[in-house]
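In: coordinates for the following, if possible.
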Amino acid sequence: MSVTEPLAGEGTHVVPSFTLESGMELEQVPVVYKTWGQLNATRDNIMLILHVFTGSADVEDWSVGTPHGLREGFQPTILFCFCANVLGPPYGTASHVSMNPYTRRSYGHEFSQTTIRDDVRSAIASSARTH
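Out: Okay, here's the model as predicted:
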């Protein structure tokens with residue numbers, strides 16, 4: 001997949017190299033995402049959705065009980081909504097169960113704690129393919 005191909009639906013984007021705030025360097029970092037809506041011609045209608053309630057990128061699952069839900073709260077009829085799984089939980093994005101490409105074993109307890117800034121940066125690195 002080329003870097004300029006728009007993201008659609010759901011999938012996994014692999015960030016080639018990523019350094020956590022802790023200093024830990026990760027290679028071939030999978031970031032699982034889901035999208036709703038359409039990216040406009042000027043590519044300026046993207047909304048990055050970040051959360052830590054579940055670690056899952058499926059906004060439809062966790063926004064059902066909110067006052068407005070996905071359709072009204074995030075307006076995918078107007079905006080291109082991009083939600084990535086946060087780092088750490090084992091939902092497919094890099095975590096302690098991910099394989100370390102150097103050792104060919106899971107990171108296990110060696111996987112560093114991550115921060116909200118790490119989550120934002122990994123999501124931006126993945127969503128940047130649409131710009």
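In: the nearest residue to residue 92 once chain neighbours are set aside: which element?
Out: Closest residue to residue 92 apart from its sequence neighbours, by CB to CB, 6 or more residues apart in numbering: residue 32 at 3.7 Å. (C-beta placed from N, C-alpha, C; glycine too.) In the assignment (DSSP states H and E), residue 32 maps to strand 25-36.
In: ok, now residue 120?
Out: Assigned by DSSP H and E, residue 120 falls within helix 116-127.
In: spit out the contact partners of residue 27.
Out: By CB atoms under 8 Å, 6 or more residues apart in numbering, the residues touching residue 27 are 16-18, 101-102.
In: describe which strands whichever helix or strand comes after the strand holding residue 32 pairs with in its sheet and in which direction.
Out: Helices and strands here follow DSSP H and E; after strand 25-36, the next one along the chain is strand 46-49. When pairs are called by DSSP bridges, strand 46-49 turns out to pair with strand 80-84 (parallel).
In: the strand it pairs with - what's its average pLDDT?
Out: Over the span of strand 80-84, the pLDDT mean works out to 86.
In: got it, and stretch 100-115?
Out: 92.
In: buried set for it?
Out: 107, 111-112, 114 (16 or more other CB atoms under 10 Å).
In: thought residue 78 was touching residue 37?
Out: Yes - contact criterion CB atoms under 8 Å: residue 78 and residue 37 qualify, at 7.3 Å.
In: more neighbours, these two?
Out: residue 37 (17 against 12; other CB atoms under 10 Å).
In: distance of the residue of the chain positioned farthest from its centre relative to residue 118?
Out: Distance from the C-alpha centroid of the chain peaks at residue 103, with 24.5 Å (CA atoms, centre = their mean). According to CB to CB, to the nearest Å, residue 103 and residue 118 sit 21 Å apart.
In: which residues do residue 78 and residue 37 both contact?
Out: residue 45.
In: what number of residues lie near residue 116?
Out: 12.
In: kindly report the same for the one 10 residues further on.
Out: Residues lying near residue 126 (other CB under 10 Å) number 25.
In: also residue 81?
Out: Count around residue 81 with other CB under 10 Å applied: 20.
In: that concludes my questions; thank you for your assistance.
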